[in-house]
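Visitor: Would you be able to build a 3D model of this:
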Amino acid sequence: MKIKDIALDGVVRQNPVFKLVLGTCPTLAVTVSMSNALGMGLAVIFVLTCSNVLISMLRNIIPDKVRIPAFIMIIATFVTIVMLVLDKFMPDLYDSLGLFLPLIVVNCLILARAEAFASSNGVGYSALDGIFMGCGFTLGLLAMSLVREFLGSGSIFGLKIMEFSIGAFATSAGGFLTFGLLIAAFVAINNKINEKNKHKKHQQIAAVEQEVKDAVAAHENSQAEVK
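Guide: I've put the predicted structure just below:
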């Protein structure tokens, strides 16, 4: 397993927001502003990375019959740490994220990576998986919030950019619309890149086949000349 593959899977090929469509509840709820989206994204990166590492370390100790409750307890521990830190040092962000902070415990993304990756891979790879999956989730939230905050209130990170705004983008309906459009754009771009890579691979295979044919033909000509 290569680090490059883990990075590409987390950010692009298995993007949690636009490809796997995991963690949809916070994706739609906290992306009204980029500040909230960034705060939620960083919290998920911390919880996902730390829980992946600990679960990977304990993967041979936790019995299979209780692995899901054990995973949830581990995840809840790190979520509690995040909540206490935010409540102490960033009370405004803590209040803005509200109920969606404790809901990280049951975020499908974190539990899915614990079950599908961390429970069957080493600590190093599990940490990288947590970091890159968390980054992919954060980038998805930021993309959503950029569109919604800019068009919904004419600002970015709370800074007023323009007076014109479309209030619908700050509503739930605007969140669903933005989500659908970004998923469509992500899939279209991803498909285009895959087709381009496939075409390039076919060209490389064709070039190798032609080189083999040329070598065989040259060998046969040399044998004919000898005779």
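Visitor: Please make it C-alpha for all contacts and neighbour counts, starting now.
Guide: Fine.
Visitor: And the pLDDT for Glu211?
Guide: In this model, Glu211 is scored at 79, pLDDT.
Visitor: what about it, distance to Val53?
Guide: 48 Å (Cα to Cα, to the nearest Å).
Visitor: who's more crowded, the two?
Guide: Regarding Glu211 and Val53, a neighbour count based on other Cα atoms under 10 Å identifies Val53 as having more, with 25 against 12.
Visitor: Need the residue closest to the centroid of this protein.
Guide: Gly136 (2.7 Å; Cα atoms, centre = their mean).
Visitor: What is the helix or strand bottoming out on mean pLDDT in the chain packed up against?
Guide: The helix or strand of the chain with the poorest confidence is helix 172-226; it has a mean of 83 (mean pLDDT, DSSP states H and E). On a contact count with 3 or more Cα pairs under 8 Å, 6 or more residues apart in numbering; DSSP states H and E, helix 172-226 meets helix 24-29, helix 123-153.
Visitor: what about Leu8, how many neighbours?
Guide: Leu8 is flanked by 15 other residues according to other Cα under 10 Å.
Visitor: How about Phe117: what's its closest non-neighbour residue?
Guide: Using Cα to Cα, 6 or more residues apart in numbering and skipping residues adjacent in sequence, the residue nearest Phe117 is Ser126, 6.8 Å away.
Visitor: Can you pull out the residues in contact with stretch 137-144?
Guide: Residues outside stretch 137-144 that contact it (Cα atoms under 8 Å, 6 or more residues apart in numbering): 11, 15-18, 27, 31, 34, 37-38, 40-42, 45, 175, 178-179, 182.
Visitor: meant to ask about stretch 43-52
Guide: The list of residues contacting stretch 43-52 from outside it, by Cα under 8 Å, 6+ apart, reads 71, 74-75, 78-79, 82, 104, 110, 113-114, 118, 123, 126-131, 133-135, 138.
Visitor: tell me which residues in stretch 2-19 are buried?
Guide: The neighbour-count check on stretch 2-19 (16 or more other Cα atoms under 10 Å) flags 6-7, 9-19 as buried.
Visitor: Compare the helices and strands packed on helix 172-226 and give me the one nearest Arg67.
Guide: Of all the helices and strands packed on helix 172-226, helix 123-153 sits nearest to Arg67, with 16.6 Å by Cα to Cα.
Visitor: who does whichever helix or strand comes after the closest one pair up with?
Guide: Toward the C-terminal end, the helix or strand that comes next after helix 123-153 (DSSP states H and E) is strand 155-156. Sheet partners assigned to strand 155-156 using DSSP bridges are listed as strand 159-160 (antiparallel).
Visitor: The partner strand - what's its average pLDDT?
Guide: Averaged over strand 159-160, pLDDT sits at 88.
Visitor: Then stretch 71-87?
Guide: Across stretch 71-87, pLDDT averages out at 95.
Visitor: Gly124: neighbour count?
Guide: Neighbour count of Gly124, defined by other Cα under 10 Å: 15.
Visitor: per-residue confidence at it?
Guide: Gly124 carries a pLDDT score of 93 in this model.
Visitor: ok, the residue nearest to Phe117 to Ile183 distance?
Guide: 27 Å.
Visitor: quick one: which of the contacts of stretch 137-144 sit in helices?
Guide: Per DSSP state H, helices hold the following members of these: 27, 34, 37-38, 40-42, 45, 175, 178-179, 182.
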